[in-house]
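> Next one to model:
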Amino acid sequence: MRLHDYLERVKIAEPLSADVESLRRLHVAHREAFLFENVSIQTGGGISVALEDIERKFLDEGRGGYCFEHNTLFSTALREVGFTVTVLLGRVRRGPPERWCRTHMVLRVTINGEPWLADVGFGGIGLLEPIPLRDGAISEQVGLTYTLRREAHVWSLAHLSPGSDPNGTRSVPLGSDPGDMYEFSEDPQTPGDVAVANHFTSTHPDSVFRRTLTIQRTTRTERTILRHNTFTRYVGGRIEERTIDDAEARAIARDVFGVTLPDRPLVYEA
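Residues are numbered from 1 along each chain as shown. Take a look at the predicted model:
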């Protein structure tokens with residue numbers, strides 16, 4: 001791996017130790033350096049999970065990607081530093097349970113015998129920092145409170161989701177109702193497992209990544225989320241959301257995220 005180039009891109013200086021503080025620093029730095037986005041899919045391209053292709057896209061082209069790309073790059077960097085990392089696959093809890101499938105990649109990082117959940121690839125509402133992989137773990141990060149619980153044979157990550165007032169106004173304090181994000185088990189996954197999951201997620205017509213454009217960023221002060229018809233900001237403990245049209249989506253992609261979209265129709269528009 002091109003570790004020096006990676007650390008330069010995320011603005012972390014060497015040397016690094018395989019300890020909890022270094023894991024936190026790398027996790028936050030990665031999240032702030034790279035966008036979560038599906039522009040390659042929406043412009044008709046494919047997604048490769050080969051390390052050299054991800055390095056070219058993230059390090060040379062200054063772009064981002066989605067979970068399989070982010071967590072493949074991050075896990076490789078962690079191993080280069082000396083961390084013990086296990087690749088896991090999870091099910092995003094969206095829609096009816098019978099349609100949940102293993103289309104999300106997460107990482108178990110073990111430090112001095114203690115496991116941590118690391119995930120730099122869940123977009124704007126995802127973890128900014130790793131959290132201990134233990135039942136009942138709670139972590140407050142950038143306006144959201146995360147909870148991790150054990151459920152029979154899986155772990156479930158949830159967050160305290162934004163509330164809304166009786167009039168439907170979407171500029172309100174963050175609420176206190178738990179919103180499940182995803183579940184995962186601890187059976188290690190192979191690169192082949194990741195390749196199969198990535199193929200489905202990037203090519204299947206029912207995949208959310210083919211049915212919508214998204215560009216997202218998370219920093220220590222703000223969460224910013226563009227989906228094709230909404231623009232959302234989590235800042236100062238509040239959520240601000242507004243409906244946008246296709247022209248506004250292109251303008252926000254350019255002005256807020258520095259991403260220039262083509263004039264031709266995107267996949268979801270076609």
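
> Using CSV, list the CA coordinates for stretch 184-204.
C-alpha atoms of stretch 184-204 as CSV (Å, rounded to 0.1, in the frame of the first residue of the first chain):
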residue,chain,number,x,y,z
PHE,A,184,-23.5,-7.3,11.5
SER,A,185,-22.2,-10.6,12.7
GLU,A,186,-18.5,-11.4,13.6
ASP,A,187,-17.8,-14.1,11.0
PRO,A,188,-14.7,-12.9,9.0
GLN,A,189,-15.3,-12.1,5.4
THR,A,190,-13.0,-12.8,2.5
PRO,A,191,-12.1,-10.4,-0.4
GLY,A,192,-14.4,-12.6,-2.5
ASP,A,193,-17.3,-11.9,-0.2
VAL,A,194,-16.6,-8.2,-0.5
ALA,A,195,-16.4,-8.4,-4.3
VAL,A,196,-19.8,-10.1,-4.5
ALA,A,197,-21.5,-7.7,-2.2
ASN,A,198,-19.9,-4.7,-4.0
HIS,A,199,-21.1,-6.1,-7.4
PHE,A,200,-24.7,-6.3,-6.2
THR,A,201,-24.6,-2.9,-4.6
SER,A,202,-23.1,-1.1,-7.6
THR,A,203,-25.0,-2.9,-10.4
HIS,A,204,-28.4,-4.2,-9.2
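
> What residues of it count as buried?
In terms of neighbour count (16 or more other C-beta atoms under 10 Å), stretch 184-204 has its buried residues at Phe184, Gln189, Asp193, Val194, Ala197, Asn198, Thr201, Ser202. For the C-beta atoms, the positions are set from N, CA and C on the backbone; glycine is no exception.

> can you pull out the strands in the stretch 1-150 of the chain?
With DSSP state E, counting those that start in this stretch as the criterion, the stretch 1-150 of the chain has strands at 36-37, 84-92, 102-111, 114-118, 131-132, 137-141, 144-151.

> which helices and strands sit right next to the host helix or strand of Ala195?
In this assignment (DSSP states H and E), Ala195 forms part of helix 191-203. For helix 191-203, the packing partners by 3 or more C-beta pairs under 8 Å, 6 or more residues apart in numbering; DSSP states H and E come out as helix 67-81, strand 84-92, strand 102-111, helix 208-211.

> Show the average pLDDT along the second one.
It stands for strand 84-92. Mean pLDDT, computed over strand 84-92, is 97.

> can you check stretch 203-214 too?
95.

> The strands of the stretch 1-150 of the chain: which one's closest to Thr218?
For the strands of the stretch 1-150 of the chain, the distance to Thr218 is smallest for strand 36-37, at 7.8 Å, taking C-beta to C-beta.
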